[in-house]
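Chemist: no sequence for this one, just the structure:
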């Protein structure tokens, strides 16, 4: 107990107490001068009647629906490549992990340039007579474009988790399957995927939580635009809190996000519990 | 995973922490200040100031602090250079957490947001002896309901600025530079044929409307709020301004990327010399693109029915908790004194809020030219929810320019939202 006490105290002070503080704030009207008045469910009533909130929730869900499969599939593919025993594989693994340790702001600025109408991507498409495509200026293209950047910056981390899972699968299974005539796809489908069930599920949950909390990329690359096409829930919390000083209202949106995240985490717990 | 789950609470938590610490007044401001029996001033003064002159600020302020403490050896002054990015957030968290300094540099929107909330104190007594030396409209801009909440230290004028090289390249001389919407419409196609944009209209969410939509609205005779505080941004003037901008956008007379993205300075069309004129800019804002003062020609604010643009006023506000800090009063007097401003303003390409501070720039320089348009500078809306109002209008304007909404419908929707903002903020 004595060993976990420091962590417990820090966790209580910086996670649990502020979370309860935020919950309390969501039920009050808080002014910068420090005046707090109890408003009960008014902030939530306003929130659920606010088109901006529903738009933010829609944006967050659509973004997650695009980003999560994209990141997971790419991570899985890269983990498959990186788990091979070839010469210099450690260098490749390190290179694949580089985007993870690169500042997200730096990544966002570089991708902003890549996506610009005179950037390399549109130049390349122009060679084939296509474009320029308004990657960040179109309400339709902006979320897939942001999801690609998220994939780029996150796949390295997920790849490591999945690769560890793959390396944990006994080689005997693959050898036996090969002797039985299974091709590469069949080995992947019937041995790798079932063997990766737990790490894969963990990665999926991780990515769902991360997607629901998307902020940095949007802040740097689109500012929530064009119009409100990338105005996510966390961006709304930031905007309402620090842009408009509506701390109670922003906290109410934060509580909604907390509830969503808790539900996702609870599903994960239940699933893994069943698995045990 | 469990800790990851709780990250969601993080942002709300920030507010929670802020709430917890809001009751403690002891940390506000510096160490206070007082005048001793022998008339000597003592105490501490802390000030937040943004890097208007970039990296040169630290050296400048250190020298000025030394000068001040030579006069007042018992006063300890600390000037903290606060980056522009996150300046507003820092101010808010400082206020919420009672960790504000004694003095801070403010813009008009700060005054309208905080002045009426009792966060800043009345500073009129600090300059009572020489208030006649300050430009009346500068004092008015930093006042709320007749109470002065910041002492002006600089005035800036955003107006039309032409890039001489571009106009020379297409053979148009200075006297023929466009000054009205109509003239811009006439000349834009010719510039496009030569490979130039007539302007760069910035509509990215991070860009202020003071440098984009507002001046064109004002030039058309419109205002966000009228003198009675009523929302008028959905009037015919706004539609006219939007038609004008749409004309530029639809015909590619302004870079499309600038509608949605805050273009990097180094690679922007302005830096590449592809833009002929900017509607509402200061000289300082363009020299950062690598343009020299010799390349810039200052013109009157663009006109449709009137020639009006954004007139910025920067000043020093004193926090309520430091209202009795005599050392802070003296420091504000020092940093807004004529001798100080004569040194301070030219390094920052800004104009003087004091009538006695003149001849800061060579007669024909762009900065000297700006001064003649100072009386055309306005700030609108002058309401506590100015930032929120602007953020309501940004997507509305953007939706029109991207062809996603009809101008009248977009402005009507925005006007309705602004009514709600005013109701909440007491504007």
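Modeler: Yes, it's here. Because the structure is predicted, anything quoted here is derived from the model rather than measured.

Chemist: alpha carbons only for contacts and neighbour counts from here, please
Modeler: Noted.

Chemist: Tell me the first helix or strand C-terminal of the strand or helix carrying residue B:61.
Modeler: Using DSSP states H and E, residue B:61 sits within helix B:56-71. Remark: after helix B:56-71, the chain's next helix or strand is strand B:74-81, criterion DSSP H and E.

Chemist: so where do the strands sit in chain B?
Modeler: Secondary structure of chain B, counting by DSSP state E: strands at B:33-35, B:41-49, B:74-81, B:103-106, B:143-144, B:147-148, B:151-157, B:159-163, B:277-281, B:296-298, B:309-318, B:377-378.

Chemist: One more: chain A?
Modeler: A:28-30, A:36-38.

Chemist: What mean pLDDT does the last one get?
Modeler: The predicted model gives strand A:36-38 an average pLDDT of 87.

Chemist: Can you list the strands that that strand pairs with?
Modeler: strand A:28-30 (antiparallel) (DSSP bridges).

Chemist: Run through who's touching the partner strand.
Modeler: Residues outside strand A:28-30 that contact it (Cα atoms under 8 Å, 6 or more residues apart in numbering or on different chains): A:36, A:37, A:38, A:39, A:40, A:43, A:246, A:247, A:248, A:249, B:19.

Chemist: One more: stretch B:280-296?
Modeler: With contacts defined as Cα under 8 Å, 6+ apart, stretch B:280-296 is touched by B:156-165, B:210-212, B:215, B:265-266, B:270-271, B:301, B:309-310, B:348-350, B:365-367.

Chemist: follow-up on the earlier one: take the strands of chain A and write them to TSV, including mean neighbour count and distance to residue A:3.
Modeler: What follows is the strands of chain A, written out as TSV (neighbours: other Cα atoms under 10 Å in any protein chain shown; distance: least, Cα to Cα, whole Å):
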stretch	mean neighbour count	distance to residue A:3
strand A:28-30	22	38
strand A:36-38	14	38
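
Chemist: If we ignore the residues flanking it in sequence, what's nearest residue A:71?
Modeler: Nearest residue to residue A:71, sequence neighbours excluded (Cα to Cα, 6 or more residues apart in numbering or on different chains): residue A:151, at 4.7 Å.

Chemist: which bits of the stretch 51-200 of chain A sit near chain B?
Modeler: Contact residues (Cα under 8 Å from any Cα of the partner chain) of the stretch 51-200 of chain A with chain B: A:116, A:117, A:134, A:136, A:137.

Chemist: so who does the most centrally placed residue in chain B touch?
Modeler: Against the mean C-alpha coordinate of chain B, by Cα atoms, centre = their mean, the closest residue is residue B:312 at 5.2 Å. Neighbouring residues of residue B:312 by Cα under 8 Å, 6+ apart: B:107, B:108, B:155, B:156, B:157, B:158, B:377, B:378, B:379.

Chemist: could you redo the last one with a cut-off of 6 Å?
Modeler: The neighbours of residue B:312, taking Cα atoms under 6 Å, 6 or more residues apart in numbering or on different chains as the test, are B:155, B:156.

Chemist: Likewise for residue A:268?
Modeler: For residue A:268, the contact set (Cα under 6 Å, 6+ apart) is empty.

Chemist: how much space between residue A:234 and chain B?
Modeler: Taking Cα to the nearest Cα, to the nearest Å as the criterion, residue A:234 is separated from chain B by 8 Å.

Chemist: Just give me the neighbour total for that residue.
Modeler: Neighbour count for residue A:234, taken as other Cα atoms under 10 Å in any protein chain shown: 24.

Chemist: The stretch 201-350 of chain B against chain A: which residues are in contact?
Modeler: Within reach of chain A by Cα under 6 Å from any Cα of the partner chain, the stretch 201-350 of chain B has these residues: B:205, B:260.

Chemist: can I assume residue A:141 is in contact with residue A:135?
Modeler: Yes. Here residue A:141 reaches residue A:135: they are 5.4 Å apart, a contact under Cα atoms under 6 Å.

Chemist: between these two, which one's more packed in?
Modeler: Set side by side, residue A:141 and residue A:135 show more neighbours around residue A:135, with 22 against 14, by other Cα under 10 Å.

Chemist: right, and that one touches residue A:143 too?
Modeler: No. With contact defined as Cα under 6 Å, residue A:135 does not count as touching residue A:143 (9.0 Å).

Chemist: rewinding a little: relative to residue A:111, how far out is the residue nearest to residue A:71?
Modeler: 12 Å (Cα to Cα, to the nearest Å).

Chemist: Who has more neighbours out of the two?
Modeler: residue A:151 (23 against 20).
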